[in-house]
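Colleague: model this:
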Amino acid sequence: MTEKETIPGAFKALITGYGIVGFDYAYIPATSVPEFSLKGDKSFTIFTTVCFKNTQNGSILEQQDMFQMGIMDGLLYVAAIDWCAIKFSEYKVAGFVTDHWYSIAIVYDGKILSAWLEGEKKDSFKCKAPYKGKAEKELCIGKRLDAYFKNFLIFDRALSGNDINSLTSGEETLQQESLVWFDFSKYGRKSQSPNGIKITTKYLGRIVIVYPSRQFRFTIDRRYQNIEQMLNELFETSKTVNFTGRIGYKSEAGTHHLAGLVSLGTSKPIMCEVEGEIVTIWEKIDIAQTNIQTITFTRLSSKYKN
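Modeller: All right, here's what the predicted structure looks like:
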């Protein structure tokens with residue numbers, strides 16, 4: 001498929017993670033955004049909508065030897081040379097899990113760094129004096145992080161609560177004020193920022209199409225002793241079905257229903273969303289890639305001269 005082809009209900013996403021050589025990610029040259037600084041000497045806002053496939057470790061945004069915003073052991077963290085280092089508690093921000101979309105923002109006003117989740121301010125941290133060295137290396141998105149990104153935005157100011165809520169709800173009113181604006185879900189790798197910044201995907205980092213492959217409704221039949229037995233029979237498959245979540249009970253209907261995540265053993269599952277009794281399975285399709293950096297492997301000869 002190409003980025004211009006569409007499937008009903010589908011959207012595009014940037015996929016990052018571990019590949020053959022360890023890093024599938026995207027990057028922006030720091031020279032493309034000279035107004036932006038991660039040294040702690042200027043205000044900024046970083047906003048993204050991301051679905052983690054692994055929450056053990058990885059960076060959402062990284063500038064080598066300077067700054068990291070990422071996930072570690074299910075917790076959001078920011079680590080910047082000299083001026084800021086914090087791992088946000090799950091009790092104040094969140095304990096992040098896989099297969100779920102999150103809208104995350106980090107806002108820095110020159111002194112205080114704040115973490116936002118789903119448009120709500122969760123925690124703040126007072127930072128130290130800015131770093132006085134140089135910060136010239138590329139801005140990397142999704143380095144060492146197994147994830148899907150719907151968007152990625154950078155501003156050279158501390159956005160207000162109303163601004164963050166606007167971004168969380170999907171509004172594009174702040175587009176002209178951004179330094180970096182990539183809405184992968186709508187436009188793929190095409191930049192929507194005023195200065196037309198280009199993004200490059202490295203190795204197997206790429207744009208994919210995420211689409212609803214199946215949608216169905218069902219309730220829990222009490223005659224089955226376990227969920228796996230019921231689902232295997234329901235879908236007429238011998239594949240193991242894993243259930244994560246809980247079973248709820250609708251007193252008004254007298255039926256049980258799923259309220260959690262289900263993995264049905266599909267070949268390319270992204271996630272399975274459950275809302276009431278409606279289940280939607282999401283999968284991905286690779287599309288033709290452009291502006292991608294690849295690595296060439298050289299075969300070493302087995303013949304050596306004495």
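Colleague: if I look at Pro130, how far off is Asp286?
Modeller: From Pro130 across to Asp286, the span is 42 Å (C-beta to C-beta, to the nearest Å). Yep, even glycine has a C-beta here, placed from its N, CA and C like the rest.
Colleague: so for these two, which sits in the more crowded spot?
Modeller: Per other C-beta atoms under 10 Å, whichever of Pro130 and Asp286 has more neighbours is Pro130, with 16 against 13.
Colleague: how about that one, what does it touch?
Modeller: Remark: with contacts taken as C-beta atoms under 8 Å, 6 or more residues apart in numbering, Pro130 is in contact with Lys39, Gly40, Asp41, Asp82, Trp83.
Colleague: one more pass at 7 Å, please.
Modeller: Lys39, Gly40, Asp41, Trp83 (C-beta atoms under 7 Å, 6 or more residues apart in numbering).
Colleague: filter those residues to the buried ones?
Modeller: Neighbour counting with 16 or more other C-beta atoms under 10 Å marks Lys39, Gly40, Trp83 as buried within the contacts of Pro130.
Colleague: what's the closest non-adjacent residue to the first one?
Modeller: Right, the one you point to is Lys39. In space, and not counting its chain neighbours, Lys39 is closest to Tyr131: 4.3 Å by C-beta to C-beta, 6 or more residues apart in numbering.
Colleague: tell me the SS of that neighbour?
Modeller: State at Tyr131, reduced to three classes by DSSP: H, G, I helix; E, B strand; the rest coil: coil.
Colleague: against Leu139, how distant is it?
Modeller: Counting by C-beta to C-beta - Tyr131 and Leu139 are separated by 16 Å.
Colleague: swap in Gly170?
Modeller: Plainly put, Gly170 is 23 Å away from Leu139 if you go by C-beta to C-beta.
Colleague: name the residue in these two with the higher neighbour count.
Modeller: Remark: of Gly170 and Leu139, Leu139 carries more neighbours, 26 against 13, as counted by other C-beta under 10 Å.
Colleague: nearest residue to that one in space, please, no chain neighbours.
Modeller: The shortest distance from Leu139 to any non-neighbouring residue, by C-beta to C-beta, 6+ apart, is to Ile28 (4.6 Å).
Colleague: list the buried residues for stretch 78-94?
Modeller: The neighbour-count check on stretch 78-94 (16+ other C-beta under 10 Å) flags Val78, Ala79, Ala80, Ile81, Trp83, Cys84, Ile86, Phe88, Val93, Ala94 as buried.
Colleague: tell me how many other residues crowd Val33.
Modeller: Neighbourhood size, Val33 [other C-beta under 10 Å]: 18.
Colleague: is it true that it touches Ser178?
Modeller: No - the criterion here is C-beta atoms under 7 Å, and Val33 misses it with Ser178 at 10.0 Å.
Colleague: overlap in contacts, these two.
Modeller: Common neighbours of Val33 and Ser178, using C-beta under 7 Å, 6+ apart, are Ile154.
Colleague: so which other helices or strands are in contact with the helix or strand Phe125 falls within?
Modeller: Using DSSP states H and E, Phe125 maps to strand 120-126. Judged by 3 or more C-beta pairs under 7 Å, 6 or more residues apart in numbering; DSSP states H and E, strand 120-126 is in contact with strand 112-117.
Colleague: need the residues that contact the strand it packs on.
Modeller: 76, 78, 84, 88, 93-94, 102, 104-107, 121-127, 164.
Colleague: could you pull out the buried residues of that strand?
Modeller: Buried residues in strand 112-117, counted by 16+ other C-beta under 10 Å: Leu113, Ser114, Ala115, Trp116, Leu117.
Colleague: give me the sheet partners of it and which way each runs.
Modeller: Counting by DSSP bridges, the strands paired with strand 112-117 are strand 101-108 (antiparallel), strand 120-126 (antiparallel).
Colleague: so who does Phe88 touch?
Modeller: For Phe88, the contact set (C-beta under 7 Å, 6+ apart) comprises Leu75, Leu76, Tyr77, Ala115, Asp123.
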